[in-house]
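# pasting the sequence and the predicted model now:
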Amino acid sequence: MSVCQVEKLGKFAHFGKFFRFSLVENPLIKPEPSATVSITIEFLDIAKVEFDEAMFFYELEQDGLGERFKAEVRRAIDRILQFPDSWPVERGEVRKCFVHTFPYKILYAIDCERLVILAVAHQHREPDYWIDRFTEKE
């Protein structure tokens, strides 16, 4: 899989049940031509709401903290794209990647050439609330 980066995390294009991000190849790393694969990041609507609410909360707590949260989520997504199968399995095909500095994790599943973000979940609240989202997606 090629190493990709999120072009613009803050600008979402809404397509039905998902939010899509456009991806571009990382110009700093030159993958093998045969290894180039395009992948789409899709947020479930409710995961986008969770992300927005957390970002808003942190911005209310301290100016600029919401932007720092957004940047850390972006870096976590970059790590997922770089090593999608390296993160621990949470349940079934759903994996989790922890957001550095903040008590959040990104719950995601790989579906063909899509990275589906099921939840941007606080680590200390209702641990399994997102489980129904995985079955709804399919």
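In hand now; what should we look at?
# where in the protein is pLDDT low?
Low-confidence segments of the chain (pLDDT under 70): 1-37, 127-138.
# for it, which segments are assigned as strands?
For the chain, strands defined by DSSP state E occupy the ranges 4-6, 13-15, 18-21, 23-25, 40-44, 89-91, 94-98, 104-111, 114-122.
# verify the stated contact: I77 with V116.
No - counting by C-beta atoms under 8 Å, I77 does not reach V116; the two are 12.0 Å apart. All C-beta spots, glycine's among them, are computed from the backbone N, C-alpha and C.
# any residues in contact with both of these two?
Shared contacts of I77 and V116, defined by C-beta atoms under 8 Å, 6 or more residues apart in numbering, are absent.
# ends of stretch 73-93, what's the gap?
By C-alpha to C-alpha, to the nearest Å, the extent of stretch 73-93 from end to end equals 21 Å.
# in it, what's buried?
Buried residues in stretch 73-93, counted by 16 or more other C-beta atoms under 10 Å: 73-81, 84, 87, 90.
# apart from its chain neighbours, what residue comes closest to K70?
Sequence neighbours aside, M55 is the residue nearest to K70 in space, at 5.4 Å (criterion: C-beta to C-beta, 6 or more residues apart in numbering).
# gap between the one you found and F98?
17 Å (C-beta to C-beta, to the nearest Å).
# report the contact partners of the residue nearest to K70.
By C-beta under 8 Å, 6+ apart, the neighbours of M55 are 66-67, 69-70.
# give the ChimeraX command for selecting the buried subset of those residues.
Per 16+ other C-beta under 10 Å, the buried members of these correspond to this ChimeraX selection:
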select :66,69,70
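# let's have the contacts of M55 in CSV, adding distance to K105.
Output for the contacts of M55, formatted as CSV (distance: C-beta to C-beta, whole Å):
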residue, distance to K105
G66, 18
E67, 20
F69, 13
K70, 16
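# closest to L44 among the contacts of M55?
Closest to L44 out of these is K70 (17.9 Å), distances taken as C-beta to C-beta.
# if I look at that closest one, how far off is E53?
12 Å.
# possible to save the buried residues of stretch 73-93 as CSV with distance to C112?
CSV is the format used below for these (distance: C-beta to C-beta, whole Å):
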residue, distance to C112
V73, 23
R74, 23
R75, 25
A76, 22
I77, 18
D78, 20
R79, 21
I80, 16
L81, 15
P84, 12
W87, 18
E90, 20
